[in-house]
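**Student:** Using only what follows, build the 3D model:
(one chain, ligands or ions: 1)
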Amino acid sequence: MRVRFGMGMAAAVLSMAMVACGGGEKAPAAGATSAAAAPAAAPAESASTAPASTAKYMAATGKTWEVKMIGDAQGYRFDPKTLTIKAGDAVKFIMVSGGPHDVTFWADSIPGGAKDQLAANMPNSVAPLQAPYSIDPNSAYTVSFAGVPDGVYKYYCTPHLAMGMVASITVAK
Ligand SMILES: [Cu+2]
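**Tutor:** Reported below is the predicted structural model:
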């Protein structure tokens, strides 16, 4: 847009967009000017919703471990199923067979205070704590465990959760 519009136009479009998106909640319907018209759109100042995460991606500084994602005649699984690493390490999930697979952490079981940083350490996630699908053999997805607390991080593969494709990573000192 900046190429096609003059700076003034771009600024106007930007400011309109900011008004429409104010609060980070769903934008009110066009033309809705009174709060009564859009009761669901809470203002940013409201304490009723958690503030947006300010966590930023932190690159791993330690070892990169590998976990294979497999689906074959023996079933669907992460290999190894349990893994102990140190904070600052990374885990590379490699698509071997039977995909698509993904890596999704259980938000309600990971260590307290881990969620925002872990989510920030998952590039291109399709939802908080859910990696994009790995489809092609030998493709991989790497999660950085930099800046996250010690503890057990349980996770699963969304397409194969019902088939028991679950595993855990323990971050220890
Ligand atoms: Cu899977």
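**Student:** Check which helices and strands the strand ranked longest in the chain sits against.
**Tutor:** Assignment by DSSP state E gives strand 64-72 as the longest strand of the chain. Applying 3 or more C-beta pairs under 8 Å, 6 or more residues apart in numbering; DSSP states H and E, one finds that strand 64-72 makes contact with strand 75-79, strand 82-86, strand 90-95. Heads up, the C-betas are built off the backbone N, CA and C, glycines and all.
**Student:** Between strand 64-72 and the second one, find me the angle.
**Tutor:** Counting by axes from the mean of the first three to the mean of the last three C-alpha atoms, to 10 degrees, strand 82-86 lies at 160 degrees to strand 64-72.
**Student:** Report the buried residues of strand 82-86.
**Tutor:** Residues of strand 82-86 classed as buried: 83, 85 (neighbour count, 16 or more other C-beta atoms under 10 Å).
**Student:** Over to the longest one?
**Tutor:** Taking 16+ other C-beta under 10 Å as the neighbour-count basis, strand 90-95 is seen to contain the buried residues 90, 91, 93, 94, 95.
**Student:** who's in contact with the second one?
**Tutor:** It refers to residue 91. Going by C-beta atoms under 8 Å, 6 or more residues apart in numbering, residue 91 touches 64, 65, 66, 67, 83, 85, 142, 143, 145, 169.
**Student:** What's opposite it in the beta bridge?
**Tutor:** Per DSSP bridges, the residues bridged to residue 91 are residue 65, residue 143.
**Student:** any idea how far it lies from residue 71?
**Tutor:** Applying C-beta to C-beta, to the nearest Å, the value for residue 91 to residue 71 is 19 Å.
**Student:** which residues are contacting stretch 66-73?
**Tutor:** Residues outside stretch 66-73 that contact it (C-beta under 8 Å, 6+ apart) are 76-80, 83, 91-99, 101, 103, 134, 157, 160, 165, 167.
**Student:** how about the helices of the protein, start to end?
**Tutor:** Listed in chain order, the helices found in the chain under DSSP state H are 7-21, 115-120.
**Student:** and these, which one is worst for confidence?
**Tutor:** Between the helices of the chain, the lowest average pLDDT goes to helix 7-21, which shows a mean of 42.
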